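> no sequence on hand, only this structure:
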């Protein structure tokens, strides 16, 4: 579970650059990232709304396995 500081930083980044915030939270090859990128291209506000939803409400620990691990996350031992 991420700390409050991590979530606040991701939300701030998501407001400035929505796909980057989702990328930091879910990884660059995730469905969430590509949906957010598409929505941001189609309109900045829908991208922000989806990025906030993806960061705050979608729990990545529910489906977090080795195949979907973001590059910055440590590998399981």
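That came through fine. No experiment lies behind these values; they were computed from the predicted model shown.

> so where is the protein shaky, pLDDT-wise?
Low-confidence segments of the chain (pLDDT under 70): 1-2, 59-77.

> where along it do the strands fall?
Under the criterion DSSP state E, the chain carries no strands.

> can you get me a residue count around residue 37?
Per other C-beta atoms under 10 Å, the neighbour tally for residue 37 reads 19. Placement of C-beta: from N, CA and C, glycine included.

> who's in contact with it?
19, 47 (C-beta atoms under 8 Å, 6 or more residues apart in numbering).

> now it: how far from residue 8?
23 Å (C-beta to C-beta, to the nearest Å).

> so which residues of this protein form helices?
Assigned helices in the chain, in chain order: 4-16, 18-26, 31-42, 44-56 (criterion: DSSP state H).

> identify, out of the ones you listed, the most deeply packed stretch.
helix 18-26 (a mean of 23; mean count of other C-beta atoms under 10 Å).

> what's the angle from that helix to helix 4-16?
Between helix 18-26 and helix 4-16, the angle comes out at 150 degrees (axes from the mean of the first three to the mean of the last three C-alpha atoms, to 10 degrees).

> could you check the angle helix 18-26 makes with helix 31-42?
Helix 18-26 runs at 170 degrees relative to helix 31-42, counting by the same axes, to 10 degrees.

> and helix 18-26, how far out from the chain middle?
In this view, helix 18-26 has its centroid 3 Å away from the chain centroid, taken as C-alpha atoms, centre = their mean, to the nearest Å.

> for it, name the packing helices and strands.
For helix 18-26, the elements it packs on are helix 4-16, helix 31-42, helix 44-56, judged by 3 or more C-beta pairs under 8 Å, 6 or more residues apart in numbering; DSSP states H and E.
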